[in-house]
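Q: Sequence first, then the predicted structure, then my questions.
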Amino acid sequence: MAETRKLAAILAADVVGYSRLAGTDEVRTLARLRALRGDLIDPAIDAYHGRVVKRTGDGILIEFRSVVDAVRCAIEVQDGMVERNSGLPPERQIGFRVGIHVGDVVEESDGDLMGDGVNIAARLESLAKPGTICLSEQAYWQVKTRLDRAVSDLGAQSLKNIAEPVRVYSLEVGKSPAKPTKSTAIKQRSMFVLPVAGIAALVVIAAGMWLGAKPARGPENSDTTPRFSVVVLPFANLSGDAAQEYLADSLTDELTSSLSRIAGSFVIARSTAFSYKSKIIDPKQIGKDLGVHYVLEGSALPSGNSVRINAQLISAETDAHLWADQLDADRADLLRMQDEIVTHLARTLEIQLWKVEAARVVRTRPANPDAEDLALQCISYNYSNVFHGLPTVYEYSLCERALQIDPRNPLALAGMAWKFLGPVLEGQSTDREGDLRRADEFVTQAIAIDPNLYFSHRIKGWVLIQQKRPEEAIVEGERSLALNPSFIDAYTLLCLANYSLGRPERTLELADKAIRLSPRDPKLPLLYYQKGLAYFLMQRDEQGIELVRRTLAAWPTWPNGNVMFVAMLALNGKEAEARDALKQYLSRNDSKMRTISAVNAQASSQSFSRLTDAFVKRASEGLRRVGMPEE
């Protein structure tokens, strides 16, 4: 068997007391571990360029390109577990212990790793206390100047089957540092685990942290209640079988966690929400008690071989039902599908919250909007007017007014970045380099002020693609998803970045996952377009044409979609249809992409492989066949 020796950073981790947890409630434990893997662990591994070597029951072995990445990944996971364990009794809390070492390893032909480098990491893991990270001396010296966490020197330790003692350092994590640095800070979410009496006092803290809100005078004061404030009431188990209670409870837990990722959200802790379990609710009274604008309730009902999940959003001010959704899942695959169910509901609800909250602000504060009100209305355009062309001057003037009031408002800064980036992406800019520079300046400032605002990372990724840095764009897209796994817009970025690098199979994989997670998403036409390009790269032209046709049915004026559609038709013997489509496109005067040279410039800005370069040349030939002007 072929083998390769190399130097690698190795992370070994396992679940503390897994046998006890599984013995107490195996189904619930497995469900939580699957949710943690999809929501926290795997996104962190991807974000820091890790490679999972193997999973062994409750353990995992990961290879990283650097010790810095390994430690950052471990810190993100351990810090994230504090929030996810918050409010749970000690016997139900899940804890990880982690060991990290850098050393010589042997890589087998199947990708497995062997040798002392792996063995030392595994032994360090067994020394770690729950919620900590044990580092070998070799690993510690590579990261010690970058750490802002307390470190304990455990001295030289004799490790099983390791010839020489290893000096070990224990890194205290599982709680945020007093002053987070860029290398270790993770998203600080507005979830507090307190009894009801403590919620009102913390509304001020959460609102100030997320939105810069004024101190609240009480839950009845709608103007000072955090705008995306919601309580996820315990989902009802309609089966009549107490053994199925875990499913409804798990959905409640995971939705609470997912909704807390919405920018500017304030989500009541699950321990408080569960105090309403099995009680008759009055949304208005709950809104007053907890100081929230919205109440989310739902149920799980077995029906034949499936389980029907229902959810509805209610206004705590008016008792009006604002939104409802229903999903059916196969009972055999229910645990596997739970992450997808939660992600779908969270995404759909996020879109609705942006819409209803922007409308509420216009209705209740028309005469005296503050910076956050204006930024909210500006950004909400992306959620309610996706395929109506580029936003108007009016929409962006809202972000400009917000920045006049508060120059450090991250929402408004992100909106201004899109103002300059949008025309570049659509081939409509009259000063491409200048607009791209301005977009980069705005989004960089937004990320510096709030590094955990997920859609800023998505905008940064689009900027990086236009700057011919697609690999870095993928990192930003993955960071956006790590912060909010239900953010479908990040998938469109990752699809294009992988298409641009000549990876059509990966593009299809990402697009299909996004469509599965949000099958009625308003951004679906963009995902169809990305799939269409991928199929065209793979010489599956008919599938590509039909997908782009579906895109244009939703967005008939989109310049990029139109020119690619014309080229695809022309290259596949459908020249009559291609000429008609080109004539219709050129008859509109709202596009600057009207010549082959302009199309080439736009397409080439998103092409970084031989495969896509060849596609650009083919597209030009197709446009030429049906008479598009050269210059």
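A: Received the coordinates, thanks.
Q: For the rest of this, base every contact and every neighbour count on C-alpha atoms.
A: Noted.
Q: mind listing what's buried in the one helix or strand L61 maps to?
A: Secondary structure assigned from DSSP states H and E places L61 in strand 59-64. The neighbour-count check on strand 59-64 (16 or more other Cα atoms under 10 Å) flags 59-64 as buried.
Q: Identify the residues contacting that strand?
A: The contact list for strand 59-64, computed with Cα atoms under 8 Å, 6 or more residues apart in numbering, reads 8-15, 48-55, 70.
Q: quick revisit: got a markdown table for the buried residues of strand 59-64, with pLDDT too?
A: Below are those laid out as a markdown table (pLDDT from 0 to 100):
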| residue | pLDDT |
| --- | --- |
| G59 | 86 |
| I60 | 91 |
| L61 | 92 |
| I62 | 93 |
| E63 | 92 |
| F64 | 90 |
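Q: Between those residues, which sits nearest L21?
A: Comparing the buried residues of strand 59-64 against L21 with Cα to Cα picks out G59 as the nearest, at 14.3 Å.
Q: separation between D580 and P234?
A: For D580, the distance to P234 (Cα to Cα, to the nearest Å) stands at 55 Å.
Q: Pick out whichever of these two has more residues nearby.
A: A direct count of neighbours by other Cα atoms under 10 Å for D580 and P234 places P234 higher, at 25 against 12.
Q: host element of the residue nearest the centre of the chain?
A: The C-alpha lying nearest the average C-alpha coordinate of the chain belongs to L481 (Cα atoms, centre = their mean; 2.2 Å). Per DSSP H and E, L481 falls inside helix 470-483.
Q: Now P90: phi and psi?
A: In terms of degrees, to the nearest 10, the main-chain angles of P90 are phi -50, psi -40.
Q: Same question for the one 5 residues further on.
A: Backbone geometry at G95, expressed as degrees, to the nearest 10, gives phi -130, psi 150.
Q: hang on, the earlier thing: quick one: mean pLDDT over the helix holding L481.
A: The average pLDDT within helix 470-483 is 88.
Q: do the same with stretch 523-532
A: Mean per-residue pLDDT for stretch 523-532: 91.
Q: Let me know the secondary structure of R594.
A: R594 falls in the coil class when you classify it by DSSP: H, G, I helix; E, B strand; the rest coil.
Q: and it, how many residues sit next to it?
A: Neighbours of R594 (other Cα under 10 Å): 19.
Q: how much space is there between the closest residue to it other than its chain neighbours and T595?
A: In this structure, R594 finds its nearest non-sequential neighbour in L586, 6.8 Å apart by Cα to Cα, 6 or more residues apart in numbering. Plainly put, L586 is 10 Å away from T595 if you go by Cα to Cα.
Q: Then L147?
A: In terms of Cα to Cα, L147 sits 54 Å off from T595.
Q: same deal with I405?
A: Between I405 and T595 the computed distance is 42 Å (Cα to Cα).
Q: Then W418?
A: As for W418, its distance to T595 is 25 Å (criterion: Cα to Cα).
Q: the more surrounded of those two?
A: Ranked by neighbour count (other Cα under 10 Å), W418 and T595 place W418 first, with 29 against 18.
Q: Using CSV, write down the CA coordinates of the strand or helix carrying the more buried one.
A: Using DSSP H and E, W418 sits within helix 410-425. C-alpha atoms of helix 410-425 as CSV (Å, rounded to 0.1, in the frame of the first residue of the first chain):
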residue,chain,number,x,y,z
PRO,A,410,-23.1,47.7,9.7
LEU,A,411,-26.5,47.0,8.0
ALA,A,412,-26.3,50.3,6.1
LEU,A,413,-22.7,49.8,5.2
ALA,A,414,-23.5,46.4,3.7
GLY,A,415,-26.4,48.0,1.8
MET,A,416,-24.1,50.6,0.4
ALA,A,417,-21.6,47.9,-0.6
TRP,A,418,-24.3,46.3,-2.6
LYS,A,419,-25.2,49.6,-4.2
PHE,A,420,-21.9,49.7,-5.9
LEU,A,421,-21.4,45.9,-6.4
GLY,A,422,-24.8,45.2,-8.0
PRO,A,423,-24.1,47.0,-11.3
VAL,A,424,-20.7,45.3,-11.5
LEU,A,425,-22.2,41.9,-11.2
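Q: So which elements touch it?
A: When contacts are defined as 3 or more Cα pairs under 8 Å, 6 or more residues apart in numbering; DSSP states H and E, helix 410-425 packs onto helix 371-379, helix 393-405, helix 432-449, helix 454-466.
Q: Swap in 7 Å and give it another go.
A: For helix 410-425, the packing partners by 3 or more Cα pairs under 7 Å, 6 or more residues apart in numbering; DSSP states H and E come out as helix 371-379, helix 393-405, helix 432-449.
Q: about what we covered before: which helix or strand contains the residue nearest to R594?
A: Assignment of secondary structure by DSSP H and E places L586 within helix 575-587.
Q: can I assume R5 sits in a strand?
A: Yes - membership of R5 in a strand is supported by three-state DSSP.
Q: What score does it have for pLDDT?
A: 78.
Q: Isn't it up against G103?
A: No - at 10.3 Å, R5 does not count as touching G103 under the criterion of Cα atoms under 7 Å.
Q: of the two, who's got more company?
A: G103 (18 against 13).
Q: Contact partners for T444?
A: Applying Cα atoms under 7 Å, 6 or more residues apart in numbering to T444 gives no contacts.
Q: can you do 10 Å?
A: By Cα atoms under 10 Å, 6 or more residues apart in numbering, T444 lies in contact with 410, 413-414, 417, 438, 450-451, 456-457, 459-460.
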